[in-house]
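Chemist: Here is my input; please provide its structure:
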Amino acid sequence: MPHPNPDSEDALERATMQLFADLDWQTIFAMHEWDHGTSTLGRSNRSEVVLVPRLQAVLQRLNPDLPAAALELAISELTRDRATVSLVQANQQLYRLLRDGVAVTVTSAEGDAEKLEQVRVLDWDHPDSNDYLLVAQFWMTGEIYTRCADLIGFVNGLPQAKTIFLYVHRIIPFRVECSACAGHASSNETASRRGGVGRRPPPMFLFWCGAAKP
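Modeler: Sure, this is the predicted structure:
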């Protein structure tokens, strides 16, 4: 395989993957995840962003005394749609689940009683017991768009970090809404009333909001 240009996104991506591999993360290049009809990562479709097979395997290892039904309930809680709450609320909910575990109610083997169980999601005491995976070129489909993240870091099958490498000299074939520009414009509007700078976004954001060409 030819070596990429050292200044290219490909080279940066490979170097980052090597850094994670040196930290004992498993790394996978997933550009061809669906080439043979089924996902090599165990996903049912591109809208799934949680790697359920990995999550299930870790839950079984961390909770050996809990029944399968309890683990399934925990997976459902971790992966349920949180579109009806704000991003902050969703973040808080998932943070508590990762920190404290998932509380589930299971029926006894005899079927005559219910018991509250706590399903551990991460092993905070023994970090090496967790499953670490870095995936390159991870495609995701939302309600409108299909997009590819350069790198996604999964811990126990749950996406924990996303990286997208971009070069300012490259022309991106679609425009994105630049919230940074909106915030900057609002703050500068106040500044302009005080005799300060105008409402033009800072140079580092101009390309993204379409105010300047690369």
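Chemist: what comes up buried for the helix or strand in which Q60 is found?
Modeler: Take DSSP states H and E as the rule and Q60 turns out to sit in helix 52-62. The neighbour-count check on helix 52-62 (16 or more other Cβ atoms under 10 Å) flags V52, R54, L55, Q56, V58, L59, L62 as buried. (C-beta placed from N, C-alpha, C; glycine too.)
Chemist: Among the residues you listed, pick out the one closest to T16, please.
Modeler: R54 (20.6 Å; Cβ to Cβ).
Chemist: Low-confidence regions, the protein specifically.
Modeler: Along the chain, the model assigns pLDDT under 70 to residues 1-8, 109-112, 164-214.
Chemist: Name the residues that touch stretch 77-88?
Modeler: With Cβ atoms under 8 Å, 6 or more residues apart in numbering as the contact definition, stretch 77-88 has outside contacts at V50, V52, L55, Q89, A90, Q93, L94, L97, V102, V104, V121, L158.
Chemist: Now, of the residues you listed, which are buried?
Modeler: V50, V52, L55, L97, V102, V104, V121, L158.
Chemist: backbone phi and psi for the last one, please?
Modeler: What that stands for is L158. phi -100, psi 130 (degrees, to the nearest 10).
Chemist: show me what contacts E33?
Modeler: E33 neighbours (Cβ under 8 Å, 6+ apart): S39, T40, L41, R43, W139.
Chemist: rewinding a little: among the buried residues of helix 52-62, which one sits closest to A149?
Modeler: Nearest to A149 among those is R54, at 17.2 Å by Cβ to Cβ.
Chemist: ok, back up a step: would you point out the most distant pair within the contacts of stretch 77-88?
Modeler: V52 and Q89 (23.5 Å).
Chemist: End to end on stretch 144-161, go ahead and measure it.
Modeler: 22 Å (Cα to Cα, to the nearest Å).
Chemist: from now on call the first residue 139
Modeler: New numbering, starting at 139: the last item is stretch 282-299.
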